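1. Quick one, structure for this:
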Amino acid sequence: QDITELKELQLALFPVRYNESFYVKLFSPGYFTLLGCVVSSGEIVAVASARVVDDKQRPLDNSTAYIMTLGVKEAYRRRRLGSRAIDEILHELKRKTTALHVQLHVKTENSAAVVFYQKLGFIEKDFSQNHYLINGQHFHAYLLSFDLSTLPDTSRGFYTVVSSLFSSCSIL
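-> Residues are numbered from 1 along each chain as shown. Take a look at the predicted model:
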């Protein structure tokens with residue numbers, strides 16, 4: 001049931017469409033998936049996923065982890081859940097992997113997301129022309145990077161902000 005709900009959430013959040021193998025990999029070694037749920041209903045309202053392996057299950061170069069997805073259901077935005085989700089997944093990667101850096105791509109025209117990641121300490125590393133193909137149209141992207149050595153050993157405590165609404169996120 002969680003995988004079905006996760007698929008529905010990702011369809012609502014992201015313009016990129018993932019195939020079945022994407023969801024199977026989310027629960028494979030080298031992949032980390034965080035889900036934020038409403039305590040009363042168990043509804044999945046936030047997701048963050050990362051990997052430290054490539055599509056052939058080989059370690060990524062240069063001790064790098066890659067954030068594949070980060071999103072919060074629209075009705076639950078502006079409650080710092082995105083910040084909490086990225087904080088939690090970064091800490092999980094720092095605790096459980098040898099990654100030194102975490103990277104992600106963001107569409108260049110998504111200025112709100114670029115500013116969000118920059119406020120969290122991500123820096124622009126590269127420009128990727130025609131990185132995304134969405135509905136037959138190409139979109140450019142920035143490659144952003146975060147240095148895990150700058151991350152405090154404990155999370156920033158975003159959980160306290162939303163403790164009345166959400167259970168602790170689970171890493172699957």
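
2. hey, where'd the helices end up in this structure?
-> With helices called from DSSP state H, the chain shows them at 2-13, 20-25, 81-96, 111-119, 159-162.

3. Name the stretch among these that sits most buried.
-> Stretch with highest mean neighbour count among those: helix 81-96 (a mean of 20; mean count of other Cβ atoms under 10 Å). To be clear about C-beta, it is placed using only N, CA and C from the backbone, and glycine gets the same treatment.

4. and the helices of the chain as JSON lines, adding mean pLDDT and distance to L144?
-> Formatted as JSON lines, those follow (pLDDT from 0 to 100; distance: least, Cβ to Cβ, whole Å):
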{"stretch": "helix 2-13", "mean pLDDT": "83", "distance to L144": "18"}
{"stretch": "helix 20-25", "mean pLDDT": "85", "distance to L144": "21"}
{"stretch": "helix 81-96", "mean pLDDT": "91", "distance to L144": "11"}
{"stretch": "helix 111-119", "mean pLDDT": "95", "distance to L144": "5"}
{"stretch": "helix 159-162", "mean pLDDT": "31", "distance to L144": "24"}
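
5. between these, which one is nearest to L34?
-> Closest of the helices of the chain to L34 is helix 81-96, at 5.2 Å (criterion: Cβ to Cβ).

6. mind saving the C-alpha coords of the closest one as PDB?
-> Output of helix 81-96 as PDB, limited to C-alpha atoms (Å, rounded to 0.1, in the frame of the first residue of the first chain):
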ATOM      1  CA  LEU A  81       8.700  19.700   6.100                       C
ATOM      2  CA  GLY A  82      10.900  20.000   3.000                       C
ATOM      3  CA  SER A  83      13.700  21.400   5.200                       C
ATOM      4  CA  ARG A  84      13.200  18.700   7.700                       C
ATOM      5  CA  ALA A  85      13.100  16.000   5.000                       C
ATOM      6  CA  ILE A  86      16.400  17.200   3.400                       C
ATOM      7  CA  ASP A  87      18.000  17.600   6.900                       C
ATOM      8  CA  GLU A  88      17.000  14.000   7.800                       C
ATOM      9  CA  ILE A  89      18.200  12.400   4.600                       C
ATOM     10  CA  LEU A  90      21.500  14.300   4.700                       C
ATOM     11  CA  HIS A  91      22.100  13.100   8.300                       C
ATOM     12  CA  GLU A  92      21.200   9.500   7.200                       C
ATOM     13  CA  LEU A  93      23.700   9.700   4.400                       C
ATOM     14  CA  LYS A  94      26.300  11.100   6.700                       C
ATOM     15  CA  ARG A  95      25.700   8.300   9.300                       C
ATOM     16  CA  LYS A  96      25.400   5.300   6.900                       C
END
